[in-house]
Every structure is written in C-alpha cells, then in structure tokens.
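**Q** Quick one: sequence and predicted model below, then my questions.
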Amino acid sequence: MSRRFAYIEVDNVGTLLVGADAKGLFVCDWLNSRHDLSRYLNCVVDAEATANAVEQLKQYLQGQRRSFTIPINPSGTAFQKLVWNALLQMPYGSTSSYAEIARRIGRPTAVRAVANAIAANPISIFIPCHRILPSNGTLGQYAGGAAAKDYLLKLEARN
C-alpha cells in the first residue's frame with residue numbers, strides 16, 4: 001500500500017487523478033475541477049488496483065474499451081449513489097438530460113438535486129457524467145471543463 005495516485009493526461013484537455021483501494025476505484029477526477037481533491041491526501045492507495053483502473057482508462061481513451069470491469073467505490077450520499085447508478089446504466093455513446101435521469105430514478109421533480117449529484121461525481125468517465133446534457137442542447141457544465149466533455153462525447157461518437 002502507498003499514497004501514490006496516478007495522473008493521466010487526456011489529449012491536451014486535462015489531467016485526471018486516479019486512485020483505487022482494496023474496495024475499488026474511489027477517485028478519477030480532473031485536476032482542474034472545482035472539487036476539493038485535498039480530501040484524498042490521506043487515502044491509502046492500492047498500486048495494483050490503481051494500475052488496473054489506469055489500464056482500463058487508457059483503453060477507453062484509445063477507443064478500445066466501452067465498459068469498465070474494475071469495482072468502483074465512490075464516496076457520497078444515498079441520493080448521489082442512486083443518481084450515479086442511473087448513469088452507470090447509460091449505454092456507451094448515448095446521452096441523456098438531467099430531467100431524464102430524475103425521471104429514471106423516480107424523482108421527476110428533483111432535476112436540480114440530480115444535477116448537483118452529477119456535479120459531485122468523484123469518478124469521472126467510469127461513472128459517465130459527461131453523457132448528461134442540459135435540455136437546451138448545450139454541453140453544459142462538466143468538472144473537467146467544456147473541452148474535456150466535448151472530447152469524451154466525440155470519442156464515444158467515433159467508436
């Protein structure tokens with residue numbers, strides 16, 4: 001065990017911090033995000049599990065992987081985990097809206113709460129929050145920024 005996270009550069013759109021432990025992947029977040037990444041400073045990282053996550057992420061970024069097999073272990077509230085689970089059900093290359101996710105979890109009036117849960121996602125790409133678009137058709141917000149979101153959506157559209 002160590003405190004060594006992995007850092008993955010994503011084609012000039014940003015850098016991801018990746019960390020996993022014996023329970024699974026707990027962080028894959030953009031360094032330029034508004035999330036407080038300092039909360040991970042004292043986490044114990046499993047080198048083998050993190051390497052597995054990095055390998056799967058690299059395969060995804062190269063267009064060679066459409067789904068992930070590494071266990072995930074995000075930290076969040078029960079509601080956030082409900083929303084994130086709905087995101088995990090989204091097929092590769094598809095998009096949806098915040099309102100649709102709210103309907104899918106049986107909370108059609110909780111669109112703002114769903115948006116906040118998606119914004120708090122600590123495991124980008126593996127929990128595919130980049131696939132969520134506002135109802136107005138714009139890219140909307142994304143922890144990694146608009147360029148990263150556009151890059152990921154185009155990557156999935158190509159493959």
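**A** Noted; the coordinates are in hand.
**Q** in this structure, what spans have low per-residue confidence?
**A** 1-3 (pLDDT under 70).
**Q** now the helices for it?
**A** For the chain, applying DSSP state H gives helices covering 47-61, 78-88, 98-104, 111-119, 146-158.
**Q** Can you lay out those as a markdown table showing mean neighbour count and distance to L139?
**A** Using the backbone N, CA and C atoms, a C-beta is placed for each residue, glycine as well. Listed next are the helices of the chain as a markdown table, based on neighbours: other Cβ atoms under 10 Å; distance: least, Cβ to Cβ, whole Å:
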| stretch | mean neighbour count | distance to L139 |
| --- | --- | --- |
| helix 47-61 | 17 | 19 |
| helix 78-88 | 18 | 16 |
| helix 98-104 | 20 | 13 |
| helix 111-119 | 19 | 14 |
| helix 146-158 | 16 | 5 |
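**Q** Minimum distance to P128: which of these has it?
**A** P128 lies closest, by Cβ to Cβ, to one member of the helices of the chain: helix 78-88, at 5.5 Å.
**Q** who's in contact with the closest one?
**A** 74, 76, 101, 104-105, 113-114, 117-118, 120-121, 123, 127-129, 131-132 (Cβ atoms under 8 Å, 6 or more residues apart in numbering).
**Q** Please name the residues that touch the residue nearest to the spatial centre of the chain.
**A** In the chain, the centroid-proximal residue (Cα atoms, centre = their mean) is S124; its distance is 1.6 Å. By Cβ under 8 Å, 6+ apart, the contact list for S124 reads 16, 28-30, 130, 143-144.
**Q** Would you check how far apart it and G63 are?
**A** 18 Å (Cβ to Cβ, to the nearest Å).
**Q** hmm, back to that, make CSV from the contacts of S124 and add neighbour count and distance to L88 to it.
**A** Listed next are the contacts of S124 as CSV, based on neighbours: other Cβ atoms under 10 Å; distance: Cβ to Cβ, whole Å:
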residue, neighbour count, distance to L88
L16, 23, 18
C28, 27, 13
D29, 23, 17
W30, 21, 19
H130, 25, 13
A143, 21, 17
G144, 23, 18
